[in-house]
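# need a structure here:
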Amino acid sequence: MHSSDSADNDSMRQFAAHLSFQSSRDPNDAKLVLYSVDLD
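Numbering: from 1, shown residues only. So this is what the prediction gives:
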């Protein structure tokens, strides 16, 4: 599963970490963070 959100959204960052999502900066847009998690 993939998601993207504003890098300024601290609530989403905490929520994603709580759900074990991996996060990284979008290489094409420094204002976005990309989140992903394997659902297997």
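
# Return, as residue ranges, the portions of the chain with sub-threshold pLDDT.
Along the chain, segments meeting pLDDT under 70 are nowhere present.

# Just give me the residue closest to the centre of it.
Tyr35 (2.9 Å; CA atoms, centre = their mean).

# give me the element it is part of.
strand 29-36 (DSSP states H and E).

# Quickly note the distance from Val33 to Ser23.
5 Å (CB to CB, to the nearest Å). Just so you know, the C-beta spots here come from the backbone N, C-alpha and C atoms, and that holds for glycine as well.

# higher neighbour count, these two?
Val33 (21 against 16; other CB atoms under 10 Å).

# The more buried one contacts Gln22, correct?
No. Using CB atoms under 8 Å, Val33 is not in contact with Gln22, being 10.5 Å away.

# What is the burial count for the spatially closest residue to Asp8 that is not a sequence neighbour?
Once flanking residues are discounted, Asp8 sits nearest to Lys31: 7.7 Å by CB to CB, 6 or more residues apart in numbering. Counted with other CB under 10 Å, the neighbours of Lys31 add up to 9.

# next one: Ala16
Ala16 has 19 neighbours, counted by other CB under 10 Å.
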